[in-house]
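A.B. asks: sequence-free structure coming up:
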């Protein structure tokens, strides 16, 4: 008989079992809720948001993120023709690194190549595939949960042992706030992001009738394999100029250049549900991706059939391939220095 390892995490009124990993470690789901009725559910596999329910002006709740009902589906999703990374925390390096290699302090590092010949979203076993520890929880107003991970030295061939802490806070202003902190024992590169697919009409529909706004006058130019060339594309008169909001495109996989601002850098809005999501970040880029296809292999939550326009990602981050591009923002985290990243998804009812 197999022995299941009960986690040392106690079952509390805001956490429940979400299943067992192949090594029999138990995964838990944690619920955060505020006084307005907004609810987030997050599992410690990948520090992954599985559900985000927003109260509408008509009193109903709508689940605005794609996800699965079972841990086994999250595990299986990495074997799909294109892994969706639903709701996960992406690291050590979000986006693509050209040929999976980079130089640091005169030494060349070869990462695992998991996307053609490139490295994508941290390699074969990125942070979204790891079991995180829960190191802190708060309840009451603005409840939060902190997930922590030790990525050992040479994990996926990255230098340095990296400790990452990610705190999710659900504020009374209907914000899901993500605060990342990381420190490394050696100089390394880092780029963390969040990979929820949002759909304000509900996760079982399409995003094509929703409108997006992005406060960017440039985006990164990329080659055939979606690797940045180092140049920028001026968005004036471009189909991806979203400074005036327009409908979600059916296909997009692009990094937009942001200015540091206290204003929303991007937004998604639904006239059907009179709902708007504003995105705030301290990062230099937001990578926009429309997708969610599960190729009729896996069913989503509540038996949803996810397709190529099921959701839209707002991946706030540094530029892809920045380790190989001198003109891009510096992705190096020096030994014993602290990396921080803050992103807020704020929801409001609109008339």
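C.D. replies: Nice, I can see it. Quick caveat: nothing in here was measured; it's all calculated off a predicted structure.
A.B. asks: A strand includes residue 41, no?
C.D. replies: Yes - remark: residue 41 belongs to a strand, assigned using DSSP: H, G, I helix; E, B strand; the rest coil.
A.B. asks: next, the buried residues of the lengthiest strand in the chain.
C.D. replies: The residue-count maximum for a strand in the chain (DSSP state E) belongs to strand 338-349. Within strand 338-349, the residues that count as buried by 16 or more other CB atoms under 10 Å are 339, 341, 343-348. C-betas here are computed from N, CA, C, even on glycine.
A.B. asks: can I get the residues you listed in CSV with distance to residue 80?
C.D. replies: Output for those, formatted as CSV (distance: CB to CB, whole Å):
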residue, distance to residue 80
339, 30
341, 27
343, 26
344, 30
345, 25
346, 31
347, 29
348, 34
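A.B. asks: now the residues you listed in JSON lines, with pLDDT and distance to residue 293?
C.D. replies: JSON lines is the format used below for these (pLDDT from 0 to 100; distance: CB to CB, whole Å):
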{"residue": "339", "pLDDT": "98", "distance to residue 293": "32"}
{"residue": "341", "pLDDT": "98", "distance to residue 293": "28"}
{"residue": "343", "pLDDT": "98", "distance to residue 293": "25"}
{"residue": "344", "pLDDT": "98", "distance to residue 293": "28"}
{"residue": "345", "pLDDT": "98", "distance to residue 293": "23"}
{"residue": "346", "pLDDT": "98", "distance to residue 293": "28"}
{"residue": "347", "pLDDT": "98", "distance to residue 293": "25"}
{"residue": "348", "pLDDT": "98", "distance to residue 293": "29"}
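A.B. asks: may I have the residues that are in contact with residue 179?
C.D. replies: Neighbour list for residue 179: 166-167, 169, 340-342 [criterion: CB atoms under 8 Å, 6 or more residues apart in numbering].
A.B. asks: could you identify the helix or strand that succeeds the helix or strand it falls within?
C.D. replies: Taking DSSP states H and E as the definition, residue 179 sits inside strand 175-184. Next in sequence after strand 175-184, counting helices and strands by DSSP H and E, comes strand 188-189.
A.B. asks: neighbouring contacts of the next helix or strand after that following strand?
C.D. replies: Going down the chain from strand 188-189, the next helix or strand is strand 193-194, by DSSP H and E. Strand 193-194 has contacts (CB under 8 Å, 6+ apart) with 49, 87-91, 94-95, 178, 283, 287, 315-317, 343.
A.B. asks: how far away is the residue nearest the centre of the chain from residue 238?
C.D. replies: For the chain, the residue nearest the mean C-alpha position is residue 194 (1.6 Å; CA atoms, centre = their mean). Using CB to CB, to the nearest Å, residue 194 is found at 26 Å from residue 238.
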